[in-house]
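Colleague: Turn this into a model:
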Amino acid sequence: ARAVLAQANNIRTYAANQRRESQGQLVLATTHTQARFVLPPAIARIKQAYPQVSVHLQHAAESQALDLLSAGDADIAIISTAGDAPQAGIAVPLYRWRRLVLVQRGHPLDRANGERPKLEDLVGLPLISYESSTRPESSLQRAFAGAGLEATIALTALDADLIKTYVRTGMGVGLLAEMAVNANDVDLRAWPAPVEVRECIAWAVLPRERVLRDYALELVHVLAPQIDRRDLRRQHVD
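Modeller: You can find the predicted model right below:
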């Protein structure tokens, strides 16, 4: 019965796309960092092109976002990994990003010679990072373990703004996405994370067996204009 209902929904969606209907809703499961610092201009573009489409953001960690997608509670999951592509759907690479080391002005790292901190410089310092950083398989933990070192995680959060807030209290050294730090953060000092901490890739993960409305695929194209619309549609339909 579920399979029949899913196919019926796909037929309705395909028909709506063929008729170029512009009404509907778009549910995005994504992290706070993507929702706060990356998605606003892309969603604004979609709303301009499809003003009758309502967009709903479901904030979640990476694994929870993929669960929402698999359960049919989200149309697209927008997440990041430092390793292999997500396997929960059709993973479309959007862009690469790196993490930054962030401290208060006047912190001992800030008073150093100004060079990019090494992994050894972070040993013993209280680190403030994302919730996923506590997992042994996280890229941060793998970076320290690969060098025979141990990270001291003082505080974790899902929210990059919270990481900055607690860095400002003097609680520790932040490790967060580069897009979360901007010119307004004049009271903070940032460097690229040590080379051992791998770059991340942001992905748009699409459902494998569910046809999406045109405006959903258009959002992916806005986020990754280097991807040809025809290739994106062909990969999704196949």
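Colleague: can you pull the contacts of the residue minimising distance to the centre of the chain?
Modeller: Taking CA atoms, centre = their mean, the centroid of the chain lies closest to I79, which sits 3.7 Å from it. Applying CB atoms under 8 Å, 6 or more residues apart in numbering to I79 gives the contacts T30, T31, Q34, E62, A65, L66, P86, A202, W203, V205. Quick note: C-beta positions are derived from backbone N, CA and C, even for glycine.
Colleague: tell me the least confident of the residues you listed?
Modeller: Ranked by pLDDT, the contacts of I79 bottom out at E62, which scores 88.
Colleague: Got the phi and psi for that residue?
Modeller: Torsion angles at E62 (phi, psi; degrees, to the nearest 10) stand at phi -50, psi -50.
Colleague: go on, T31?
Modeller: T31 adopts backbone torsions of phi -80, psi 160, taken as degrees, to the nearest 10.
Colleague: residues contacting it?
Modeller: Under the criterion of CB under 8 Å, 6+ apart, the neighbours of T31 are H59, A60, A61, E62, A65, I78, I79, S80, L158.
Colleague: Go through the residues you listed and name the one nearest P117.
Modeller: For the contacts of T31, the closest approach to P117 (CB to CB) belongs to S80, at 21.9 Å.
Colleague: Got the domain ranges for the protein?
Modeller: Structural domains annotated on the chain: 1-96+201-235, 99-192, as defined by the TED database.
Colleague: Of those domains, which shows the lowest average pLDDT?
Modeller: Ranked by mean pLDDT, those bottom out at domain 1-96+201-235, which scores a mean of 85.
Colleague: follow-up on the earlier one: the residue nearest to the centre of the chain in helix, strand or coil?
Modeller: Secondary structure for I79, judged by DSSP: H, G, I helix; E, B strand; the rest coil, is strand.
Colleague: hmm, back to that, between the contacts of T31, which is closest to A91?
Modeller: Closest approach to A91 among the contacts of T31 (CB to CB): I79, at 9.1 Å.
Colleague: Can you tell me, leaving aside adjacent residues, what's nearest to the closest one?
Modeller: If the residues on either side of it in the chain are set aside, I79 comes closest to E62, at 4.3 Å by CB to CB, 6 or more residues apart in numbering.
Colleague: can you pull the contacts of the nearest residue to G83 once chain neighbours are set aside?
Modeller: If the residues on either side of it in the chain are set aside, G83 comes closest to S139, at 7.1 Å by CB to CB, 6+ apart. Remark: with contacts taken as CB under 8 Å, 6+ apart, S139 is in contact with A82, G83, V197, R198, C200.
Colleague: Could you do L155 as well?
Modeller: Going by CB under 8 Å, 6+ apart, the list of residues near L155 reads P126, I128, Y166, M171, G172.
Colleague: Could you identify the most distant pair in the residues you listed?
Modeller: Pairwise distances across the contacts of L155 (CB to CB) peak at 9.8 Å, for the pair P126 and Y166.
Colleague: between these two, what contacts are shared?
Modeller: Where contact means CB under 8 Å, 6+ apart, the residues bridging P126 and Y166 through contact with each are L155, G172.
Colleague: gap between F144 and H221?
Modeller: Taken as CB to CB, to the nearest Å, the spacing of F144 relative to H221 amounts to 38 Å.
Colleague: Check A91 too.
Modeller: If you measure A91 against H221 using CB to CB, the figure is 16 Å.
Colleague: which stretches of this structure form strands?
Modeller: In the chain, strands defined by DSSP state E lie at 24-30, 53-59, 76-81, 90-97, 99-104, 126-130, 152-157, 173-177, 188-192, 200-206, listed in chain order.
Colleague: what does the first one rub up against?
Modeller: In this case it means strand 24-30. Residues outside strand 24-30 that contact it (CB under 8 Å, 6+ apart) are 16, 35, 39, 46, 52-60, 64-66, 68-69, 73-79, 213, 215-216, 219.
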